[in-house]
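Visitor: next input, structure requested:
(one chain, ligands or ions: 3)
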Amino acid sequence: MVRKKLLAGIGSPQDLRELALADLEDLAEELRESIIETVAETGGHLAPSLGVVELTLALHYVFDTPKDKLIWDVGHQAYAHKLLTGRLARFHTLRQYGGISGFPKRVESEYDTIETGHSSTSISFGAGLAAADRIRKNRRKVVAVIGDGAMTAGMAFEALNHAGGMDEDLIVVLNDNEMSISENVGALSSFMSRRMTGKTVRRLRDHVEERLLALSTVGENILALLRKSEECTKAFFTPGMLFEALKFKYVGPISGHQLEDLIPTLTNVRDHNHGPVLVHVITTKGKGYVHAERQPGSYHGVGSFDIASGKPRAQPEAAPSYTKIFGQTLCRIAETNPCIVGITAAMPDGTGLAPFAAAFPERFFDVGIAEQHATTFAAGLALAGMRPCLAVYSSFMQRAMDQLIHDVCLPNLPVTIALDRSGVVGEDGPTHHGVFDLACLRPVPNLTLMMPADENELQHMLYTALNLGSPAVLRYPRGAGCGVALDAELKALPVGRGELLRAGSDLLLLPAGNRVHPALAAADRLARAGIQAAVINPRFLKPLDEGLICAWARKTGRVLTVEDGCIAGGFGSAVMQCLQRHGLYVPVRTLGYQDAFIEQGPQATLWREAGIDSGGIEQSALAFLKR
Ligand SMILES: Cc1ncc(C[n+]2csc(CCOP(=O)(O)OP(=O)(O)O)c2C)c(N)n1
Ligand SMILES: CC(=O)[C@@H](O)[C@H](O)COP(=O)(O)O
Ligand SMILES: [Mg+2]
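Guide: Ligands and ions are numbered 1, 2, ... in the order given. Got it, this is the predicted structure:
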């Protein structure tokens, strides 16, 4: 156990710049201990943050932050940065409702350059800052820290290509731990891998030198030429050739855990570099916590856990998650349909596709953090007769709207999108809440849009989508299902048909997807107060069951819609437009999220705050009826 004497004295990075190297090494230990102790309570992105402790210290030590700008890609690795920049006292509130964010956030600190949470934006932000600095003659350094996983995204390469071409004064630090959330994938990752670095490079170089020297004078001459041309040797033997082709000077690879290497290298880059430079740093994900080092994927993001054993703290028994049921059902369907393909953008575990990957390795694709490519890749598969299913988080799918519209829906291809983490997701907060999907997807022609009320409906909807022959999106939330029994037989649901769950004469409750069960609970309570609410599960947002909705709107004379999504443009507005189209001018109230980003907190708290839990629905119904 380390006594936290140094960390307590660090009010800002200015304080750490006064420390000697040995103190910085002790401080690294203290940072690790604080991160482990806190995340064991709050949950969070443990392994990514443990991997960059020394790198964080070195960056703040060498660069004049906050004047110099430090941009953390994704931002899930910024816990040491938070602890060093004035947030030690509030660190125990990490990811809690009302507490500090798990990601960089400018309202929290002037050291946080920009809000992040989604991957692969850092080089673009950095290039923009550097270009503005050149135009405005602002003298400061801009440093983007990006992981090898984040480097698999097209956006990172668009930015490298542009920044390299512009010759901007930009420092990119590539934090290479050979891991995305799971093992990193793709040609680039094996190219960058440390198999090509360190010892192997040296061995290769020695081998070539030996061979050349054996050729006597000719060989010696070639060797002299190669040695003179450092660029040339580097290009042959290090991943530098890729970045140098993009006009970035390549420095490295260096160990990201040795402050005595990191500090002089970064100082040198700071003082002697002008133009784009990439510093390749090799780190170990989860460094310093044995369980996380052994299983970096499992400790990427964790709930609360016991520090000694590394085991999750016992949670109350929950129903299987929507994610799990999705994964199981896809496997089941794929057993009899050889055209089913599973696709993920770097999230095989998070999306529940891992069992599919194990069972059908030749029909499973992890494309890296590349949602846009994943979508058009799925379209290509569909074009060739396959039935691809892309499982993706709602907020990450925001990236691929054009691909969905232009490459999937315009050609009307049978691609299924399993849109996990729709609605609020909890502690990851505003970057990750999936609240815009209904509003974004609703206007897209040819798209069938389904919203299961529970996990049983989810399995039938997946079956329906994969047999539809046209684009389909299945929208379901993060976390446990409702604990309902699963039908043994999968069936195709009639497209565009909702289901009347409860008759009533006083008002019509129209809840979307995961709001159906809370609405039923509200209807039960209203009934005890003598109010008869009809409840319809619309099942489909597109096409809407206009006949059923209009009939019950007419019978009840009042409609209350509820959705775990933004009000503007969402399910409620679809219902209003439907009623209007049918000349039905009954009063409608829409419950959902107002025009503001939603903060972090447990899902139940956020649902309650927005008035879309059963109590909120009941209250809104009562208030509606009083008018
Ligand atoms: C657009 C987008 N897609 C997916 C994710 C989910 N995600 C968060 S971190 C991560 C892996 C990042 O790997 P890397 O950049 O190497 O960082 P490491 O965790 O290894 O430090 C992924 C896939 C995301 N945040 N943003
Ligand atoms: C940083 C990031 O984007 C992911 O690690 C995300 O936090 C995972 O979320 P889930 O916990 O919902 O899988
Ligand atoms: Mg990585």
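Visitor: distance of the residue sitting nearest the centre point of the chain relative to ligand 1?
Guide: Nearest to the mean C-alpha position of the chain, by Cα atoms, centre = their mean, lies His118 at 5.3 Å. Separation of His118 from ligand 1 (Cβ to the nearest ligand atom, to the nearest Å): 4 Å. C-betas here are computed from N, CA, C, even on glycine.
Visitor: which residues of the protein lie near ligand 1?
Guide: With Cβ under 6 Å from any ligand atom as the criterion, the chain meets ligand 1 at residues 48, 51, 74, 76-77, 118-119, 147-150, 175, 177, 179-181, 285, 300, 345-347, 369, 371, 396, 399.
Visitor: what about the residue of the stretch 451-600 of the chain found nearest ligand 3, which SS state?
Guide: Going by Cβ to the ion, ligand 3 is nearest to Arg478 of the stretch 451-600 of the chain, at 23.1 Å. For Arg478, the assignment made with DSSP: H, G, I helix; E, B strand; the rest coil gives coil.
Visitor: so who does it touch?
Guide: Counting by Cβ atoms under 8 Å, 6 or more residues apart in numbering, Arg478 touches 321-323, 420-421, 423, 425-426, 603.
Visitor: now those: which count as buried?
Guide: Buried by 16 or more other Cβ atoms under 10 Å: 321-323, 420-421, 423, 425-426, 603, out of these.
Visitor: and these as TSV, adding secondary structure and pLDDT?
Guide: Formatted as TSV, the buried ones among the contacts of Arg478 follow (DSSP: H, G, I helix; E, B strand; the rest coil; pLDDT from 0 to 100):
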residue	secondary structure	pLDDT
Ser321	strand	97
Tyr322	helix	98
Thr323	helix	98
Asp420	strand	98
Arg421	coil	98
Gly423	strand	98
Val425	coil	98
Gly426	coil	98
Gln603	helix	98
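Visitor: closest to Leu541 among these?
Guide: Gly423 (13.4 Å; Cβ to Cβ).
Visitor: if we can go back for a sec, what sits against the residue nearest to the centre of the chain?
Guide: Taking Cβ under 8 Å, 6+ apart as the test, what His118 contacts is 74, 395-396, 399, 431.
Visitor: mind doing that once more with 10 Å?
Guide: By Cβ atoms under 10 Å, 6 or more residues apart in numbering, the contact set of His118 is 73-75, 103, 150, 153, 155, 369, 371, 393, 395-396, 398-399, 431-432.
Visitor: list the ones among the residues you listed that fall in strands.
Guide: Tyr393 (DSSP state E).
Visitor: buried ones among the contacts of His118?
Guide: Among these, those classed as buried by 16+ other Cβ under 10 Å are 73-75, 103, 150, 153, 155, 369, 371, 393, 395-396, 399, 431-432.
Visitor: ok so, going back, need phi/psi at the residue of the stretch 451-600 of the chain closest to ligand 3.
Guide: Backbone dihedrals for Arg478, given as degrees, to the nearest 10, come out at phi -70, psi 140.
Visitor: quick check: residues of this structure near ligand 2?
Guide: Residues of the chain found near ligand 2 (Cβ under 6 Å from any ligand atom) are 45, 74, 76, 181, 300-301, 350, 421, 425, 428, 478.
Visitor: quick one: which of those is nearest Asp437?
Guide: For the residues of the chain next to ligand 2, the nearest to Asp437 is Arg421 (9.8 Å; Cβ to Cβ).
Visitor: check contacts around the closest one.
Guide: The contact partners of Arg421, by Cβ under 10 Å, 6+ apart, come to 322-323, 347, 350-351, 392-397, 428, 432-434, 437, 475-479.
Visitor: how about 7 Å then?
Guide: 393-395, 432, 434, 478 (Cβ atoms under 7 Å, 6 or more residues apart in numbering).
Visitor: now it: closest residue in space that isn't a chain neighbour?
Guide: Excluding its sequence neighbours, the residue lying closest to Arg421 (Cβ to Cβ, 6 or more residues apart in numbering) is Tyr393, at 4.1 Å.
Visitor: show me what that neighbour is bridged to.
Guide: Applying DSSP bridges to Tyr393 gives these bridge partners: Asp420.
Visitor: distance of it from Ala374?
Guide: Distance of Tyr393 to Ala374, given as Cβ to Cβ, to the nearest Å: 12 Å.
Visitor: how about Ile417, nearest residue that isn't a chain neighbour?
Guide: Once flanking residues are discounted, Ile417 sits nearest to Val473: 4.6 Å by Cβ to Cβ, 6+ apart.
Visitor: can you check His81 too?
Guide: Thr56 is the one closest to His81 (Cβ to Cβ, 6+ apart), at 5.2 Å.
Visitor: list the contacts for the residue in the chain positioned nearest to ligand 3?
Guide: Of all residues in the chain, Gly147 sits closest to ligand 3, at 3.8 Å by Cβ to the ion. Each residue near Gly147 by Cβ under 7 Å, 6+ apart is listed here: 73-74, 175, 177.
Visitor: give me the pLDDT value at it.
Guide: With respect to pLDDT, Gly147 has a value of 97.
Visitor: mind checking how far Leu606 is from His433?
Guide: Going from Leu606 to His433 by Cβ to Cβ gives 8 Å.
Visitor: got it, and Asp487?
Guide: Separation of Asp487 from His433 (Cβ to Cβ): 31 Å.
Visitor: ok so, going back, who's more crowded, Leu606 and His433?
Guide: Higher neighbour count among Leu606 and His433: His433, with 28 against 24, using other Cβ atoms under 10 Å.
Visitor: quick check: the more buried one touching Val424?
Guide: Yes. Between His433 and Val424 there is a contact at 4.8 Å, judged by Cβ atoms under 7 Å.
Visitor: what is in contact with the two at once?
Guide: Contact criterion Cβ under 7 Å, 6+ apart; residues shared by His433 and Val424: Ile598.
Visitor: am I right that Ile36 is in a helix?
Guide: Yes. Ile36 forms part of a helix when assessed by three-state DSSP.
Visitor: give me the low-pLDDT residue ranges for the stretch 201-350 of the chain?
Guide: Within the stretch 201-350 of the chain, the ranges that satisfy pLDDT under 70 run 201-238.
Visitor: just the strands from it, written as ranges.
Guide: Here the stretch 201-350 of the chain has its strands, by DSSP state E, counting those that start in this stretch, at 249-255, 277-282, 340-344.
Visitor: can you put those strands in CSV and add distance to ligand 3 and mean neighbour count?
Guide: Formatted as CSV, the strands of the stretch 201-350 of the chain follow (distance: least, Cβ to the ion, whole Å; neighbours: other Cβ atoms under 10 Å):
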stretch, distance to ligand 3, mean neighbour count
strand 249-255, 14, 20
strand 277-282, 11, 24
strand 340-344, 16, 25
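Visitor: what's the burial count for Lys120?
Guide: Quick fix: residue 120 reads Ser, not Lys. Using other Cβ under 10 Å, Ser120 is surrounded by 26 other residues.
Visitor: wait, it touches Ala153, no?
Guide: Yes. Between Ser120 and Ala153 there is a contact under Cβ under 7 Å: 3.5 Å.
Visitor: so what sits against both of those two?
Guide: Taking Cβ under 7 Å, 6+ apart as the criterion, Ser120 and Ala153 both touch Ile369.
Visitor: how about Pro388, secondary structure?
Guide: Pro388 ends up strand, using three-state DSSP.
Visitor: if I pick Phe364, what's in contact with it?
Guide: Contact partners of Phe364, counting by Cβ under 7 Å, 6+ apart, are 342, 353, 356-357.
Visitor: repeat for Arg32
Guide: Counting by Cβ under 7 Å, 6+ apart, Arg32 has contacts 50, 53, 288.
Visitor: repeat that with 6 Å
Guide: 53, 288 (Cβ atoms under 6 Å, 6 or more residues apart in numbering).
Visitor: any idea how far it lies from ligand 2?
Guide: Distance of Arg32 to ligand 2, computed by Cβ to the nearest ligand atom: 20 Å.
Visitor: relative to Arg554, how far out is that residue?
Guide: 64 Å.
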